[in-house]
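*Asks:* Could you work out the structure for the sequence below:
(4 chains)
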Number of protein chains: 2
Amino acid sequence: MEKNSVYEDLRQQIIQEKLIPGQWLIERELCETYRISRTPIREILWKLTGDGFLEQEANRGFVVRRLGLEQIFEIFQTREAIEGMAAKLACIRGNEAFRSNLREIKKKITKANIQSDPTAGIALGRELHRAIMDAAQNGILTDTNKRLENMTLLTANITKHSPAIEKASAEAHLRIINAVLEQDQEKAEQMMREHLRETCQHIVERFYPGMLGGVSNNK
Amino acid sequence: MEKNSVYEDLRQQIIQEKLIPGQWLIERELCETYRISRTPIREILWKLTGDGFLEQEANRGFVVRRLGLEQIFEIFQTREAIEGMAAKLACIRGNEAFRSNLREIKKKITKANIQSDPTAGIALGRELHRAIMDAAQNGILTDTNKRLENMTLLTANITKHSPAIEKASAEAHLRIINAVLEQDQEKAEQMMREHLRETCQHIVERFYPGMLGGVSNNK
DNA sequence: TGGTTGGAAATTGTATACAAATAGAATTCA
DNA sequence: TGAATTCTATTTGTATACAATTTCCAACCA
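*Replies:* Numbers count the residues shown, from 1 in each chain, chains lettered A, B, ... in the order given. Below is the predicted model of the structure:
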């Protein structure tokens, strides 16, 4: 199998939770699976580490990033800073095409809300976050956010299909859109930050009731 | 030479600008210099890439991160988000020992100001930024900031020994300290953000008058 | 002249063998 | 028994040879 395909496949395996946090990646096994030697496998693992999906430990190899409750807090708090800034910049730098796109997303969110379609809501949420980040026109900010987004993906499946969370998110998204359309920098930043704080809160309350600390380590 | 030492040496070479942005690292040369084979050299280069010092291009290898004016803007804007959040969190989570340390730093900054000692001022600035980041108690935020700080280091030497910038920085640092000591979250965040905006402004005005665009690429 | 092509040199990419370190199981000894 | 120890198997770390790609320069031709 070709190198880029192997990278993409491993990425998907992680996102789809066929490889889960705390799981060690055995180089020999990957070689046999993908029919390439250890050298390119290691390059791929380093790339995935750079993406935020894996951790590397000397003399122990690569492991899917271990996420405890504490770290989920931290990731969302960092995203709050980054995406808050993005929302602010989107007010300043976003052009009319961007705002037109936002108005379209707004309509679709409202429609999905009425039809109680959580799948559509999730996709629209991603679209909105991406549109705002793009409009901010800051490559470093985008790269930084990508890493955090990838880390969030490690817990993505557990956040899916929770109607209460999705409804709250949709409403927050509408508030963000309105603020950006008004080009109210402070409000846009504030709305985005509140949205991420709230989402984090919801995840924690729902999936880690009372729990605090590390995560399983299968080696 | 041992692997960790090679990593540290290369890191220092970059920080001290013996290796400059845009410079390609030739694996064979590094092998001869450090007397280890290409395999560990590549691992080290991947690690430095993760630190934000290098970029990797397929079939072309590793290059010291290329920084144009645009990217310097972007880095400081991202730091504004990250360190602003850190200042806010330091107000909430910082303990009395932390604030005591801040009062010490405040005294030293005032002293360095009176004595017009820019070297001491720079060291104190770093100490302050680090103390605030530590007090924020957010590992992901700290890691994210580390990458950005490393990128900033690539341009660090050109920001040194500029009395005007250092004086403005010192005053901004005092304002930040006061806000954190008052535990005024909003003010602390705002002061930190203004400080980074101002510093970026100074760098641009002083070292890139009128210039805009990419940087040299020696290959 | 100036652009294109061809080929040689330099450089990165891959496979593989062996060394070193780690982890796990069996053994020993109190 | 159970804690410590030794040994074995597993896994990562390193060196090296060769393949593929890129780069650079010289030869060529319109």
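
*Asks:* buried sites along stretch A:36-51?
*Replies:* A:36, A:40-51 (16 or more other Cβ atoms under 10 Å in any protein chain shown). For glycine as for every other residue, the C-beta is placed from the backbone atoms N, C-alpha and C.

*Asks:* Make CSV from these and add distance to chain B, pLDDT and secondary structure to it.
*Replies:* Shown next, in CSV, are these (distance: Cβ to the nearest Cβ, whole Å; pLDDT from 0 to 100; DSSP: H, G, I helix; E, B strand; the rest coil):
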residue, distance to chain B, pLDDT, secondary structure
A:36, 15, 97, coil
A:40, 11, 98, helix
A:41, 13, 98, helix
A:42, 8, 98, helix
A:43, 8, 98, helix
A:44, 11, 98, helix
A:45, 9, 98, helix
A:46, 4, 98, helix
A:47, 8, 98, helix
A:48, 11, 98, helix
A:49, 6, 98, helix
A:50, 5, 97, helix
A:51, 10, 98, coil
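
*Asks:* Could you export these as JSON lines, including distance to residue A:139?
*Replies:* Output for these, formatted as JSON lines (distance: Cβ to Cβ, whole Å):
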{"residue": "A:36", "distance to residue A:139": "31"}
{"residue": "A:40", "distance to residue A:139": "28"}
{"residue": "A:41", "distance to residue A:139": "29"}
{"residue": "A:42", "distance to residue A:139": "27"}
{"residue": "A:43", "distance to residue A:139": "24"}
{"residue": "A:44", "distance to residue A:139": "24"}
{"residue": "A:45", "distance to residue A:139": "25"}
{"residue": "A:46", "distance to residue A:139": "21"}
{"residue": "A:47", "distance to residue A:139": "18"}
{"residue": "A:48", "distance to residue A:139": "21"}
{"residue": "A:49", "distance to residue A:139": "21"}
{"residue": "A:50", "distance to residue A:139": "16"}
{"residue": "A:51", "distance to residue A:139": "16"}
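
*Asks:* from these, which single one is nearest DNA strand D?
*Replies:* residue A:42 (7.0 Å; Cβ to the nearest atom of the strand).

*Asks:* how near is that closest one to residue A:150?
*Replies:* According to Cβ to Cβ, to the nearest Å, residue A:42 stands 19 Å off from residue A:150.

*Asks:* Let me know the closest of the buried residues of stretch A:36-51 to residue B:196.
*Replies:* residue A:50 (25.2 Å; Cβ to Cβ).

*Asks:* what residues are up against the closest residue to that closest one other than its chain neighbours?
*Replies:* Of all residues not flanking residue A:50 in the chain, residue B:50 sits nearest, at 5.3 Å (Cβ to Cβ, 6 or more residues apart in numbering or on different chains). Taking Cβ atoms under 8 Å, 6 or more residues apart in numbering or on different chains, we find residue B:50 in contact with A:46, A:49-50.

*Asks:* what's the longest helix along chain A packed up against?
*Replies:* Across chain A, the longest stretch assigned as helix under DSSP state H is helix A:69-93. For helix A:69-93, the elements it packs on are helix A:118-136, helix A:139-153, helix A:163-181, helix A:185-207, helix B:69-93, helix B:139-153, judged by 3 or more Cβ pairs under 8 Å, 6 or more residues apart in numbering or on different chains; DSSP states H and E.
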